[in-house]
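1. Need a 3D model of the following:
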Amino acid sequence: MKRFFVLIVFSLLVNMACKPHVSLSGATIPMEAKTISVGFFTNNTSLGAPSLSQRFTEKLRDMVSQQTSLALMKANGDLKFEGYISDYQVTAVAVSNDAATANRLTITVKVKYVNKFDVTKNFEQDFTRFADFKSTENISTKEPELVQEIFRQLTEDIFNRAFNNW
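-> So this is what the prediction gives:
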């Protein structure tokens with residue numbers, strides 16, 4: 001009986017010494033973290049639809065709400081994202097007979113992530129993604145679909161960098 005008691009006490013001490021983490025959908029989040037804030041990502045480019053800021057911010061908020069159990073706050077969360085859309089450009093990527101046959105929409109987002117419990121996890125980084133489309137397609141018609149796909153990829157990259165150390 002004495003051995004059993006010593007084994008239980010030892011197990012409890014070992015478990016208390018380990019830093020616990022919550023893992024949801026493969027994400028590693030500090031146990032101490034209860035809230036997260038995603039600031040409004042402004043559009044600092046001269047191109048793109050006026051709604052880009054709102055669409056990106058909502059996409060990132062949706063991602064953290066769906067993938068974590070953290071309470072979403074407007075500001076000052078235990079974990080927080082802030083930043084801006086820093087680049088939006090359309091370039092020709094395939095040329096045939098001196099004419100573009102394919103174009104590329106590229107969007108870059110500057111992100112600052114702060115983890116108040118573990119400063120080694122903080123980062124400030126540019127994330128860039130693109131989508132190609134035929135040059136015969138009108139960018140204003142194709143843009144909503146392209147932006148939706150690019151924002152999906154960007155938010156996954158940002159989430160994985162913050163919570164999966166990718």
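2. For the longest helix belonging to the chain, name the packing helices and strands.
-> Residue-count comparison of every helix in the chain, with assignments taken from DSSP state H, identifies helix 139-163 as the longest. Using 3 or more CB pairs under 8 Å, 6 or more residues apart in numbering; DSSP states H and E as the contact criterion, the neighbours of helix 139-163 among helices and strands are strand 27-30, helix 52-67, strand 79-96, strand 99-115, strand 123-134. Placement of C-beta: from N, CA and C, glycine included.
3. quick one: least confident helix or strand in the chain?
-> Counting by mean pLDDT, DSSP states H and E, the weakest-scoring helix or strand in the chain turns out to be strand 21-24, with a mean of 42.
4. Between helix 52-67 and the longest helix of the chain, find me the angle.
-> 40 degrees (axes from the mean of the first three to the mean of the last three CA atoms, to 10 degrees).
5. Just the buried positions in helix 139-163, please.
-> Buried residues in helix 139-163, counting neighbours by 16 or more other CB atoms under 10 Å, are found at 143, 146-147, 150-151, 154-155, 157-159, 161-163.
6. Show me which of those residues is closest to Thr28.
-> Nearest to Thr28 among the buried residues of helix 139-163, counting by CB to CB, is Phe163 at 5.9 Å.
7. follow-up on the earlier one: compare the helices and strands packed on helix 139-163 and give me the one nearest Met73.
-> Comparing the helices and strands packed on helix 139-163 against Met73 with CB to CB, the closest turns out to be strand 79-96 (8.5 Å).
8. which helices and strands sit right next to the closest one?
-> Other elements packing on strand 79-96 under the criterion 3+ CB pairs under 8 Å, 6+ apart are strand 35-38, strand 42-43, helix 52-67, strand 99-115, strand 123-134, helix 139-163.
9. List the buried residues in that strand.
-> Along strand 79-96, the positions that meet the burial threshold by neighbour count (16+ other CB under 10 Å) are Leu79, Lys80, Phe81, Glu82, Gly83, Tyr84, Ile85, Ser86, Tyr88, Val90.
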